[in-house]
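return a 3D structure for these sequence lines:
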Amino acid sequence: MRMHVRGRGLPDEAELQLWIVDGRISTEPVAGADTVFDGGWILPGLVDAHCHVGLGDDGEIPLEEAIGQAEAERAAGALLLRDCGAPTDTRSLDERDDLPRIIRAGKHLARPKRYSRGFAVELEDESQLPEAVAREARRGDGWVKLVGDWIDRGVGDLAPLWSDDVLEAAIATAHEHGARVTAHVFSEDALPGLINAGIDCIEHGTGLTDDTIALMVERGTALVPTLINTLENFPGIAESAGRYPAYAAHMRDLHARCLERTAAAREAGVPVYAGSDAGSMIAHGRIADEVEALKGIGMSPTEALGAACWDARRWLGRPGLEYGASADLLCYAEDPRQGPGVLNRPDLVILRGKAFRPHG
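Below is the predicted model:
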């Protein structure tokens, strides 16, 4: 089917016409194309830059459940997913032309009893990290995911998992294999070693200080703050940590300072992108809520949307609406910058040139 869409694009709000043939975008007229959308707004497919297709409450899940997670993302307009670690092998989903594109980071890499049970590859000796990074770089799609910190029950609080020299070797190994590295980090202490070792991105980053923000700017490190997860779930994590009062107090403090610290990072020039952390404590299909949360750190509606759309695609090396790109786009009758009530409900989803009307 040959299709034609007409509306206004973002961020420039210019009039936009696209033709779709053989699953690709043409900016030149195509004969015989049916106009399937006329008026309103046209965007590249949204990006959830931190989610977990293939992760459940206890780790690995059946593939059919992972497919359901991907379908929930598609219905919400998230057509490009950066999967930040999952124990389920979802590579067969790439054969489905009706599911979002997934950029995988392989499996989480952690130490024994230093992350959620069933989620990660647990390394008995930290010296195994470079070899494990090489393996996950081959398994993933250009990213590797480390667990940078987690509760250490021996000290009763968050603590780093890796020594600085091991991190340097591991991140260098990933880069040699053509992969970028990101890490789960809640607290303050793990950040300097990771950033100085050359890590490409920090997930969550609730413990950012002025010094580590400056270091991220210097090193060009990106931040995906997963604000809805932090804002909604840190109080409950603290409440359930009765045996570890220092950890509970720390989590409450990180929660209280989350927006202020993320705002400071953005103001300093750290690139910030939208990721929902969907997969366990956050339901899939909530990227619009994360875009709304980014407005709380000082982003304009256009900037916040860009962090989950055109800017995020550029960061991940994926095309937008240019000639020859895969036809992965969204159409809205109303301005999608109005909030989740609009952004979360595209009127038309076109994925790989196939049209879906997800809400009727």
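
is E136 in contact with G106, as I believe?
Yes. If you go by C-beta atoms under 8 Å, E136 and G106 touch, sitting 3.2 Å apart. Any C-beta I mention is one placed from the backbone N, CA and C, and that applies to glycine too.

kindly export the longest helix seen in the chain (C-alpha atoms) in CSV.
The helix that spans the most residues within the chain, counting by DSSP state H, is helix 245-268. Taking C-alpha atoms only, helix 245-268 is exported to CSV below (Å, rounded to 0.1, in the frame of the first residue of the first chain):
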residue,chain,number,x,y,z
PRO,A,245,18.0,2.5,58.1
ALA,A,246,21.0,4.2,56.5
TYR,A,247,19.9,2.8,53.1
ALA,A,248,16.3,3.9,53.7
ALA,A,249,17.3,7.4,54.6
HIS,A,250,19.6,7.6,51.6
MET,A,251,16.9,6.6,49.2
ARG,A,252,14.5,9.2,50.7
ASP,A,253,17.2,11.9,50.3
LEU,A,254,17.9,10.9,46.7
HIS,A,255,14.1,11.0,46.0
ALA,A,256,13.8,14.5,47.5
ARG,A,257,16.7,15.9,45.5
CYS,A,258,16.0,14.0,42.2
LEU,A,259,14.4,16.9,40.2
GLU,A,260,16.8,19.5,41.5
ARG,A,261,19.9,17.4,40.6
THR,A,262,18.6,16.4,37.2
ALA,A,263,17.7,20.0,36.5
ALA,A,264,21.3,21.1,37.4
ALA,A,265,22.7,18.5,35.0
ARG,A,266,20.6,19.8,32.2
GLU,A,267,21.4,23.4,33.0
ALA,A,268,25.1,22.6,32.9
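
could you shift the numbering so residue one becomes 29, and keep it that way?
In the new count, where the first residue is 29, that last one comes out as helix 273-296.

which helices and strands sit right next to the helix or strand following that helix?
Using DSSP states H and E, the next helix or strand after helix 273-296 towards the C-terminus is helix 315-322. Counting contacts by 3 or more C-beta pairs under 8 Å, 6 or more residues apart in numbering; DSSP states H and E, helix 315-322 is packed against strand 74-79, helix 255-267, helix 329-334, helix 368-371.

put the alpha carbons of helix 315-322 into PDB.
Extracted C-alpha coordinates of helix 315-322, given in PDB (Å, rounded to 0.1, in the frame of the first residue of the first chain):
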ATOM      1  CA  ILE A 315       7.000   7.200  27.800                       C
ATOM      2  CA  ALA A 316       4.500  10.100  27.600                       C
ATOM      3  CA  ASP A 317       4.600  10.300  31.400                       C
ATOM      4  CA  GLU A 318       8.400  10.500  31.300                       C
ATOM      5  CA  VAL A 319       8.200  13.300  28.800                       C
ATOM      6  CA  GLU A 320       5.800  15.200  31.100                       C
ATOM      7  CA  ALA A 321       8.200  14.600  34.100                       C
ATOM      8  CA  LEU A 322      11.000  16.200  32.100                       C
END
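
the helices in the protein, which residues?
91-103, 157-167, 192-204, 219-224, 238-247, 255-267, 273-296, 315-322, 329-334, 338-344, 368-371.

please identify the deepest-packed of those.
helix 315-322 (a mean of 26; mean count of other C-beta atoms under 10 Å).

what does that helix contact?
With C-beta atoms under 8 Å, 6 or more residues apart in numbering as the contact definition, helix 315-322 has outside contacts at 74-76, 101, 104-106, 254-256, 259, 300, 302-304, 331-333, 335-336, 367-368, 371-372.

cool, thanks, signing off.
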